[in-house]
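K.L.:
Sequence and predicted structure are below.
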Amino acid sequence: MNTNQLPPETRTSPDPESTPAGPERVGSAAPRRSAATPIVIATAVIGGVALLGAAGSSALGVAGGLVRASGGSGAVQTVDASGATGLDIDASATSFRLEFGDVAEATLEQAEGAERGRWSLERRGDEIVVERRSGIFGDWCFGFCFESERTTVLTLPEELDGALDVEIGVGAGTVDASGEFVGLDVHIGAGEVIVAGAARTLNVEVGAGTADFELDDVVEADFEVSAGEARASFTGEAPERVGIDVSVGSVDLALPDVPYDLRSRSSLGDVTNLLETSSASDHRIDADVSVGDITLRALR
């Protein structure tokens with residue numbers, strides 16, 4: 001007579017030196033279970049999935065109610081913006097747009113169909129803070145990636161145009177901003193940031209993503225690029241100082257057509273200079289590249 005025997009069960013215990021996703025250590029085998037056990041397990045799993053679905057729907061309903069209670073349709077949040085001098089945006093892995101318009105307060109409009117309650121808009125002292133909260137599974141969406149296909153929009157009162165220091169952080173998403181800023185501080189993981197307008201100072205850090213700037217009257221700018229790409233075009237007055245540090249990525253910078261005091265260092269990379277240079281110039285560029293590329297050219 002043939003009998004069906006289940007393979008021995010193994011237990012796992014977390015390794016304190018590793019993350020939950022790391023390798024598992026195998027423990028001793030458990031006693032053999034009866035043939036009815038798989039049916040019991042399957043029934044329990046189906047019941048558990050049903051309970052999770054019900055709990056998830058309930059939680060989303062509560063979250064939606066909380067957002068609606070805070071004012072608006074559940075997809076719109078507002079906060080007093082009067083007197084603000086700073087703006088901090090953490091866009092995570094989504095599509096986000098910043099603009100100035102005819103509004104009385106800072107207004108965050110979440111894309112229709114995106115999960116509600118994931119975004120927060122707050123006033124912290126002189127700063128307006130926009131954050132996207134991660135869910136139970138972080139930013140994994142398991143096939144329901146509606147938010148990544150839509151854009152969340154922050155509209156600020158027009159009187160703040162030209163009055164804010166702005167910090168932008170993006171992981172794998174996209175941020176598109178337009179306006180005039182006192183300073184821009186941009187940090188990119190593997191995403192993309194596009195800014196058009198004006199800024200007195202610009203600081204950019206790029207990991208493996210891309211940055212694209214069209215800015216007027218920049219006084220000082222710093223680019224630090226690892227494996228990504230930064231493109232910038234500065235119009236108006238020529239900047240007083242530009243610092244560029246590239247590892248294996250690239251920077252393409254177009255500047256007003258005046259002489260520059262260029263000081264460049266290169267290991268295995270290339271610095272292509274199409275600018276007029278003069279050691280007596282008041283406009284200085286420090287360019288340092290390892291194995292990447294830096295291109296400097298004049299606007300025509």
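P.N.:
Perfect, thanks for sending it. Since this is a predicted model, take the numbers as computed values, not measurements. Residues are numbered from 1 along each chain as shown.

K.L.:
Helix or strand next in line after the host helix or strand of Leu87, which one?
P.N.:
Following DSSP states H and E, one finds Leu87 within strand 86-90. As assigned by DSSP H and E, the chain's next helix or strand after strand 86-90 is strand 95-101.

K.L.:
Show me what that following strand is packed up against.
P.N.:
Helices and strands touching strand 95-101, by 3 or more C-beta pairs under 8 Å, 6 or more residues apart in numbering; DSSP states H and E, are strand 86-90, strand 151-157, strand 174-188. Yep, even glycine has a C-beta here, placed from its N, CA and C like the rest.

K.L.:
Ok, which of these comes nearest Leu275?
P.N.:
Nearest to Leu275 among the helices and strands packed on strand 95-101 is strand 174-188; the distance by C-beta to C-beta comes to 22.8 Å.

K.L.:
Pull out the buried positions in the closest one.
P.N.:
Within strand 174-188, the residues that qualify as buried by neighbour count (16 or more other C-beta atoms under 10 Å) are 174-177, 179-181, 183-188.

K.L.:
What angle do strand 151-157 and that strand make with each other?
P.N.:
Going by axes from the mean of the first three to the mean of the last three C-alpha atoms, to 10 degrees, strand 174-188 is angled at 80 degrees with respect to strand 151-157.

K.L.:
For strand 174-188, output the C-alpha coordinates as PDB.
P.N.:
Taking C-alpha atoms only, strand 174-188 is exported to PDB below (Å, rounded to 0.1, in the frame of the first residue of the first chain):
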ATOM      1  CA  THR A 174       8.800  62.700 -10.600                       C
ATOM      2  CA  VAL A 175       8.500  66.300  -9.400                       C
ATOM      3  CA  ASP A 176       7.700  69.200 -11.700                       C
ATOM      4  CA  ALA A 177       8.000  72.700 -10.300                       C
ATOM      5  CA  SER A 178       7.600  76.200 -11.700                       C
ATOM      6  CA  GLY A 179       8.100  79.500 -10.000                       C
ATOM      7  CA  GLU A 180      10.600  81.800  -8.400                       C
ATOM      8  CA  PHE A 181      12.500  80.700  -5.300                       C
ATOM      9  CA  VAL A 182      15.000  82.100  -2.900                       C
ATOM     10  CA  GLY A 183      16.900  78.800  -2.700                       C
ATOM     11  CA  LEU A 184      16.400  75.300  -4.100                       C
ATOM     12  CA  ASP A 185      17.800  72.200  -2.300                       C
ATOM     13  CA  VAL A 186      17.100  69.100  -4.400                       C
ATOM     14  CA  HIS A 187      17.800  65.500  -3.500                       C
ATOM     15  CA  ILE A 188      17.100  62.700  -6.000                       C
END
